[in-house]
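Student: 3D, please:
(one chain, ligands or ions: 1)
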Amino acid sequence: MKIQRFFPPRRILMGPGPSDISSDVLQALSRPTIGHLDPLFIGMMDEVKALLKYAFQTENEFTIPISAPGSAGMEACFVNLIEAGDKVIVCRNGVFGERMRENAIRSGAEVVLVDDEWGQPVSVSKVEAAFKANPDAKILAFVHAETSTGALSDAEALSKIAKQYDALTIVDAVTSLGGVPLKVDEWKLDAVYSGSQKCLSCVPGLSPVTFSAKAIEKIQARQSPIQSWFLDQSLVLGYWSGEGKRSYHHTAPVNSLYALHEALLALYEEGLENAWKRHADMHQKLKVGLEGMGFKYVVDEAYRLPQLNSVYLPEGVDDAATRQHLLNEYNLEVGGGLGALAGKVWRIGLMGYSAKSENVALCLKALEETIKR
Ligand SMILES: *Cc1c(COP(=O)(O)O)cnc(C)c1O
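Tutor: Purely as a prediction, here's the structure:
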């Protein structure tokens, strides 16, 4: 058996994540590993928490990166907040809404499903009706930015309804964080999870989460223990809660957290508003080019995500072969469709460090040459 060292090519990542990573973040990753209870590391973790609070626009004390990908952040919210028998309204308008439903069921919830067509945002009036019919619902769960379709839902309006019924919200902000406005405190969101590899442009494998005081109260008032030991946030809290109190829960992914620190610092230095504007500007440029080539968007302009452009494949273009050609000839990755949209659409990402003019220009040129062929 002869196995050589692995040197990946430098791709341009314009799919649904991971996104391009800056050389600053890659360099941070290769700094010397130190102990995860080393005082210097603990100091850096406190800065990561402060930077995450900025990114989420929250003062929530419990704001940390879970040491696992976005899916673990999702699972953490469900297993911590739900007790068997709790009624949970789950909104499903794409792949990730369906995963929320699956998580709620496995957590023992009685699920009330609010279904919307793929490509549509979550319907505020349907959620209102679901609460009217189920005023005892304890939690509303929805995806802010549905990456499978490119639709943005109105998190503020949905949260307002939940508050009227004294219900908590679980919000998937994996693709929205850093790419479009997300205001956890102003919108009164309770349990919000994200991912490192989308608009934060960090390495995959970390899931920033933030829990409101109300969410922590619900966890502390539980009658039954949380079925997952690793994701039990009451245990993790002890690990993250400041100097002196730090105890061993699991070994933190030290170098990945250096990278997250660097990526969040870049977002802080750019400023959230500027980052949101950059995503919107790059989306406009890409959109003009794509529509010029005859591409049609899946999602209506009113609730289209700038960082995830879902477009129908032009007539006669082979999905897999064309994406393979883009990868081989241009080192360019774009995403295929998921679920019901598989083979029918492409998902072109403009996430974080990938949302820049060079990438838009390369993508348009590559598509033009490839489709002409
Ligand atoms: C990517 C994504 C996830 C899952 O994140 P992983 O890091 O792949 O586990 C969850 N929800 C949404 C909306 C996503 O885009």
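
Student: okay, the residue of the stretch 251-373 of the chain found nearest the ligand and Ser153: tell me how far apart.
Tutor: Per CB to the nearest ligand atom, Leu308 is where the stretch 251-373 of the chain lies closest to the ligand, at 8.2 Å. Every residue, glycine included, has its C-beta placed from N, CA and C. From Leu308 across to Ser153, the span is 13 Å (CB to CB, to the nearest Å).

Student: need the overlap of contacts for the two.
Tutor: Both Leu308 and Ser153 are contacted by Ala145, under the criterion CB atoms under 8 Å, 6 or more residues apart in numbering.

Student: the closest residue to the ligand within the stretch 1-150 of the chain: what's it in contact with?
Tutor: For the stretch 1-150 of the chain, the residue closest to the ligand is Gly70, as judged by CB to the nearest ligand atom, at 2.5 Å. Counting by CB under 8 Å, 6+ apart, Gly70 makes contact with 174, 193-198, 207.

Student: pick out the most distant pair among those.
Tutor: By the measure CB to CB, these have their two most distant members at Tyr193 and Gln197, which lie 13.4 Å apart.

Student: looking at Leu308 and Ser153, which is more packed in?
Tutor: Leu308 (31 against 26; other CB atoms under 10 Å).

Student: kindly export the lowest-mean-pLDDT helix or strand in the chain (C-alpha atoms) in PDB.
Tutor: The least trusted helix or strand in the chain, going by mean pLDDT, DSSP states H and E, turns out to be helix 233-240, with a mean of 78. Only the C-alpha atoms of helix 233-240 are listed here, as PDB (Å, rounded to 0.1, in the frame of the first residue of the first chain):
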ATOM      1  CA  GLN A 233     -25.600  22.400  27.800                       C
ATOM      2  CA  SER A 234     -25.900  22.600  31.600                       C
ATOM      3  CA  LEU A 235     -22.700  20.600  31.800                       C
ATOM      4  CA  VAL A 236     -21.000  22.500  29.000                       C
ATOM      5  CA  LEU A 237     -21.900  25.800  30.800                       C
ATOM      6  CA  GLY A 238     -19.500  24.900  33.600                       C
ATOM      7  CA  TYR A 239     -16.700  24.400  31.100                       C
ATOM      8  CA  TRP A 240     -17.200  27.800  29.400                       C
END
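
Student: show me what that helix is packed against.
Tutor: strand 62-66, helix 70-81, helix 213-220 (3 or more CB pairs under 8 Å, 6 or more residues apart in numbering; DSSP states H and E).

Student: please look at Ala55 and Pro208 and confirm they touch.
Tutor: Yes - using CB atoms under 8 Å, Ala55 makes contact with Pro208 at a distance of 7.3 Å.

Student: overlap in contacts, the two.
Tutor: 177, 200.

Student: with neighbour numbers in mind, choose between these two.
Tutor: Pro208 (29 against 24).

Student: okay, and the beta partners of that one?
Tutor: Listed beta-bridge partners, Pro208: Pro65 (assigned using DSSP bridges).

Student: would you turn the contacts of Gly70 into TSV with distance to the ligand?
Tutor: As requested, the contacts of Gly70 are exported to TSV (distance: CB to the nearest ligand atom, whole Å):
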residue	distance to the ligand
Val174	4
Tyr193	8
Ser194	9
Gly195	4
Ser196	7
Gln197	6
Lys198	6
Ser207	7
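
Student: could you dump those residues into CSV and include pLDDT?
Tutor: As requested, the contacts of Gly70 are exported to CSV (pLDDT from 0 to 100):
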residue, pLDDT
Val174, 98
Tyr193, 98
Ser194, 98
Gly195, 98
Ser196, 98
Gln197, 98
Lys198, 98
Ser207, 98
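
Student: quick one, what contacts the residue nearest to Pro225 when sequence neighbours are not counted?
Tutor: Sequence neighbours aside, Asp232 is the residue nearest to Pro225 in space, at 7.7 Å (criterion: CB to CB, 6 or more residues apart in numbering). Counting by CB under 8 Å, 6+ apart, Asp232 touches 79-80, 225-226.
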